[in-house]
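In: Dropping a prediction and its sequence here:
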Amino acid sequence: MNVNIVLLNEKAFIPQKQTERSSGFDLFSSEDKILKPRCFELISTGISIEIPRGYEAQVRPRSGLAAKNGVTVLNSPGTIDADYRGEIKVCLINHSDKEFKITVGTRIAQMVFSEVKDAVFHKSERLTDTNRGAGGFGSTGLK
C-alpha cells in the first residue's frame, strides 16, 4: 500500500517500523512537551498523510511507554479516516505520578493500517436469538 505523506515542519519524521515484522509504524513527536502527572495533551507529529480509500490508520499506544512510564494513548485506538488531510496529533495521557518529558523525535505512539468494510443497514423488528442474547459488560464472567 502506498501512502503519500507531507512533512509539515523541519522537526517531523516519517513513521518507521522498528523491526521487519512489526505491525505498527512508530509516530514521532515534532515538539518538546512536558506531560504532567494525571494529565493529557495533544502531541504534534508534524505530518499529514493520504490514506487510500477503503483503509484507515489506527493510532495505538506503545507498550514500552505504558509499561515503563504509565503513558498511553487516551482515545485508543484513535482512528484516522481516509478523507482526513490534517496534521496527525496523538492524545497522550500520563497515568503516573511523575512528569514525562517528550522531546522532538520521541516515539509516542504507533500507527497500524486496517481495511475498512462498508455496511448497509436494514431496519428490522427483531434480531436472531443467541445463547448470549443482550448480556454484556462482564456477563460471561472472569473464568
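Out: Received, thanks.
In: where along this protein do the strands fall?
Out: Counting by DSSP state E, the segments of the chain that form strands are 4-7, 25-28, 33-35, 40-44, 47-50, 55-60, 71-73, 78-80, 89-94, 100-102, 107-115.
In: List the buried residues for the third one?
Out: When burial is assessed from 16 or more other C-beta atoms under 10 Å, strand 33-35 yields the following buried residues: Lys33, Leu35. The C-beta positions use only the backbone N, C-alpha and C, and glycine is treated the same way.
In: Just checking the distance from it to the centre of its chain.
Out: 19 Å (C-alpha atoms, centre = their mean, to the nearest Å).
In: One more: the second one?
Out: Shown here is strand 25-28, whose average C-alpha point lies 10 Å from the average C-alpha point of the whole chain (C-alpha atoms, centre = their mean).
In: which other residues reach it?
Out: Contacts to strand 25-28, defined as C-beta atoms under 8 Å, 6 or more residues apart in numbering, come from residues 12-13, 15-18, 45, 47, 59, 62, 88, 90, 104-112.
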